[in-house]
Each structure stands twice: as C-alpha cells, then as structure tokens.
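Engineer: any chance you can model this:
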Amino acid sequence: MNKTSLRYFEEEDILHLMISDEDEKNSIEISPNITAELNEKNELIGVEIIGASPFLRDSLLESVQAKLLQLSQKAA
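Structural biologist: Numbering: from 1, shown residues only. From the prediction side, this is the model:
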C-alpha cells in the first residue's frame, strides 16, 4: 500500500518524505545531504534531506528570485 508522509525532525534538521510505505532496500546519495531511498525494484520510495532548513530556504529563495526576474523582464 502506498502512503505519502512528511516528517520533520527539528533537533537534527532532517526532512523525510516518504512516497510509499514499502521497505527500503537501497539508497543513493543524490547530492551531499540528500539521499533517495529505493525499494527492492530500485523505485523511489522516499527522500531524506539533512540540513533541511537552509536547503529549503535557499531553494525557495532561488526559485522566487528567478520567477520575479522573469516577471520583471516581461514587464519591461
């Protein structure tokens, strides 16, 4: 059964996104502090982000700045 859940561990600043409740059989480091969790068929079942607060802040800030730049260029 697939069940999506999101858990944040404040003390460790770890964000854990589960897109399936299957058992983890393997994992791959996508980039430093970001790990993809895989099932026995090597399908994505979850993502773990260590140092989630600065990662999300910086990612969101970058996305918002890019969108604002696009909007300002269209208005010009």
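
Engineer: can we go C-alpha only for contacts and neighbour counts from here?
Structural biologist: Will do.

Engineer: beta-bridge partners for residue 5, please?
Structural biologist: Judged by DSSP bridges, the bridge partners of residue 5 are residue 18.

Engineer: what is the neighbour count of it?
Structural biologist: Per other Cα atoms under 10 Å, the neighbour tally for residue 5 reads 12.

Engineer: go on, residue 18?
Structural biologist: By other Cα under 10 Å, the residues close to residue 18 number 19.

Engineer: in contact with it, which residues?
Structural biologist: 3, 4, 5, 6, 45, 46, 47 (Cα atoms under 8 Å, 6 or more residues apart in numbering).

Engineer: switch to 7 Å and redo it
Structural biologist: 4, 5, 6, 45, 46, 47 (Cα atoms under 7 Å, 6 or more residues apart in numbering).

Engineer: wait, isn't the third one in contact with residue 19?
Structural biologist: No - using Cα atoms under 7 Å as the test, residue 6 is too far from residue 19 to be in contact (8.6 Å).

Engineer: neighbour-wise, which of these two wins?
Structural biologist: Using other Cα under 10 Å as the criterion, residue 6 and residue 19 rank with residue 19 on top: 16 against 12.

Engineer: would you mind measuring from that one to residue 39?
Structural biologist: Residue 19 is 11 Å from residue 39, where distance means Cα to Cα, to the nearest Å.

Engineer: overlap in contacts, those two.
Structural biologist: residue 45.

Engineer: so which strand or helix has residue 48?
Structural biologist: strand 44-50 (DSSP states H and E).

Engineer: list the helices and strands that strand packs on?
Structural biologist: With contacts taken as 3 or more Cα pairs under 7 Å, 6 or more residues apart in numbering; DSSP states H and E, strand 44-50 sits against strand 14-18, strand 34-38.

Engineer: and it, C-alpha only, in CSV?
Structural biologist: The C-alpha trace of strand 44-50 is given here as CSV (Å, rounded to 0.1, in the frame of the first residue of the first chain):
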residue,chain,number,x,y,z
LEU,A,44,12.0,5.8,-5.5
ILE,A,45,10.1,5.4,-2.2
GLY,A,46,11.5,8.3,-0.2
VAL,A,47,13.8,11.3,0.1
GLU,A,48,15.8,12.4,3.1
ILE,A,49,17.3,15.9,3.4
ILE,A,50,19.9,16.5,6.1
